[in-house]
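Undergrad: Pasting the sequence and the predicted model now:
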Amino acid sequence: MFNKYWREYPIWMQLLLLILMVFTMFSAATVLSLLLVPMLTGVSTAEVVSIDVNSPHKTVFAFKIFQMISNLALFGGTAFLFAYTSHPEPVTYLGFRKVKRPMLVVVSLLLLVASLPIVLQLGQWMRELNFAAANESQERSDTIMKALMQDKTVGDLLFTVFVLAVIPAFGEELFFRGVIMRFFHKQTKNISFAIFMSAGLFALFHGQLYNLPSIFIMGMVLGYVYYYTGSIWANIIVHFTNNALQIVVEYMAKNGIIPDSVTENDSFPWYVLVIGTSAAVLFFMLLKKPATPLPAGWSSDFTVEELEEKLKELNNRQ
């Protein structure tokens with residue numbers, strides 16, 4: 001009964017298989033995107049990869065399709081495939097448990113909002129360091145984001161939210177919290193280390209040097225949200241809210257609903273940073289106190305009953 005799943009293999013082999021799967025899915029996502037996007041949109045690959053703020057709406061739409069396919073395959077696809085091949089209960093493996101206390105999701109969202117000032121300010125401080133090696137990459141990333149945020153209609157906005165908020169919320173949470181965080185906890189049984197490592201990889205996968213501290217902090221927040229709520233659903237909701245909030249605010253600023261200054265400057269007065277950080281600490285304590293944490297042995301490959309059954313089989317063979 002055990003040879004069917006990768007959980008039977010030594011931890012180093014599982015890790016190797018995971019790494020190989022990531023590279024395989026990344027390659028597949030790239031090839032699939034390059035083949036499907038021109039077929040679906042009529043936009044050439046060259047136009048898609050050279051997108052800028054002056055690109056026509058059709059090219060921007062094609063890039064969003066490219067982004068959607070890539071994220072789905074790399075993160076969501078890898079997470080589901082690895083869980084399916086590793087464990088007989090892949091849904092449980094990935095953390096799809098009912099949130100026992102819905103109020104914890106509300107507290108998690110308040111923790112997210114309270115954390116935003118210091119997270120955004122860290123990004124601003126990092127940019128002021130002005131690393132020459134990072135500037136070109138950051139400028140290209142900023143150009144792409146500006147191009148994607150040129151939505152004029154509510155329909156365009158909703159599609160952008162789907163591509164940049166819904167898809168990443170599912171795929172990235174299943175991969176970084178459902179698989180990576182579980183993987184490190186399985187090996188060390190140390191939840192703080194597992195959260196730290198998954199947050200670090202979460203930041204590195206997002207790539208931009210100036211945003212590393214900010215994304216790392218958000219990864220830490222999401223890690224503790226997963227642990228204290230005991231459900232990946234809470235993470236998906238918080239991750240989605242974080243991305244969607246930024247997209248909607250940008251849309252409102254671009255269309256004159258709110259002042260442009262709201263999105264043009266990520267610097268905050270010192271008292272806003274103090275209040276925000278203090279509120280984040282308070283909400284973290286409120287999350288921790290009534291927590292319904294992940295169950296004991298949540299990262300183990302086998303239940304106690306399965307291990308006992310396996311031991312009986314080994315004894316019978318002897």
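TA: Structure received. Numbering: from 1, shown residues only.

Undergrad: how near is the nearest residue to Ile180 once chain neighbours are set aside to Ala132?
TA: Among residues not flanking Ile180 along the chain, Ser198 sits closest, at 4.6 Å (Cβ to Cβ, 6 or more residues apart in numbering). In short, each C-beta sits where N, CA and C put it, glycine included. The gap separating Ser198 from Ala132 is 31 Å, by Cβ to Cβ, to the nearest Å.

Undergrad: Those two: which is more packed in?
TA: Ser198 (26 against 6; other Cβ atoms under 10 Å).

Undergrad: Report all helices and strands that the helix or strand harbouring the more buried one contacts.
TA: Counting by DSSP states H and E, the element that carries Ser198 is helix 191-206. Here helix 191-206 touches helix 182-188, helix 212-229, going by 3 or more Cβ pairs under 8 Å, 6 or more residues apart in numbering; DSSP states H and E.

Undergrad: just checking, the residue nearest to Ile180 touches Gly219?
TA: Yes - with contact defined as Cβ atoms under 8 Å, Ser198 counts as touching Gly219 (6.5 Å).

Undergrad: what touches both of those two?
TA: Common contacts of Ser198 and Gly219, defined by Cβ atoms under 8 Å, 6 or more residues apart in numbering, comprise Phe176.

Undergrad: May I ask which helix or strand of this structure has the lowest mean pLDDT?
TA: Using mean pLDDT, DSSP states H and E, the weakest-scoring helix or strand in the chain turns out to be helix 261-264, at a mean of 66.

Undergrad: just to revisit the earlier point, for Leu158, find the nearest of the helices and strands packed on helix 191-206.
TA: helix 212-229 (23.6 Å; Cβ to Cβ).

Undergrad: Name the residues of the following helix or strand past that closest one that are buried.
TA: Downstream of helix 212-229, the first helix or strand assigned by DSSP H and E is helix 232-254. By 16 or more other Cβ atoms under 10 Å, the buried positions in helix 232-254 come out as 232-244, 246-247, 250-251, 253-254.

Undergrad: before we move on, what about stretch 141-160?
TA: 144, 147-151, 156-157, 159-160.

Undergrad: So what's the gap between it and the chain middle?
TA: 20 Å (Cα atoms, centre = their mean, to the nearest Å).

Undergrad: now for it, what's the gap between its first and last residues?
TA: 16 Å (Cα to Cα, to the nearest Å).

Undergrad: neighbours around Ile65, how many?
TA: 18.

Undergrad: repeat for the one 5 residues further on
TA: The burial count assigned to Ser70 is 21, neighbours taken as other Cβ under 10 Å.

Undergrad: so which strand or helix has it?
TA: Secondary structure (DSSP H and E) places Ser70 in helix 57-71.

Undergrad: same question, Pro88
TA: Judged by DSSP H and E, Pro88 forms part of no helix or strand.

Undergrad: Relative to Thr188, how far out is the residue nearest to it when sequence neighbours are not counted?
TA: Once flanking residues are discounted, Pro88 sits nearest to Tyr5: 6.2 Å by Cβ to Cβ, 6+ apart. Distance from Tyr5 to Thr188, counting by Cβ to Cβ: 22 Å.

Undergrad: So the two - more neighbours on which side?
TA: Set Tyr5 next to Thr188 and count neighbours by other Cβ under 10 Å: Tyr5 wins out with 19 against 13.

Undergrad: can you pull the contacts of that one?
TA: Counted by Cβ under 8 Å, 6+ apart, Tyr5 has contacts 85-88.

Undergrad: give me phi/psi at Glu89?
TA: Here is the backbone geometry of Glu89 (degrees, to the nearest 10): phi -120, psi 70.

Undergrad: For it, grab the count of nearby residues.
TA: Neighbours of Glu89 using other Cβ under 10 Å come to 11.

Undergrad: Name the SS class of Val99, please.
TA: Taking DSSP: H, G, I helix; E, B strand; the rest coil as the rule, one finds Val99 in the coil state.

Undergrad: Tell me how many other residues crowd the closest residue to it other than its chain neighbours.
TA: In space, and not counting its chain neighbours, Val99 is closest to Ser231: 4.6 Å by Cβ to Cβ, 6+ apart. With neighbours defined by other Cβ under 10 Å, the count for Ser231 comes to 22.

Undergrad: ok, Ser231 to Thr92 distance?
TA: From Ser231 to Thr92 the distance is 11 Å (Cβ to Cβ).

Undergrad: now do Val248
TA: Taken as Cβ to Cβ, the span from Val248 to Thr92 is 33 Å.
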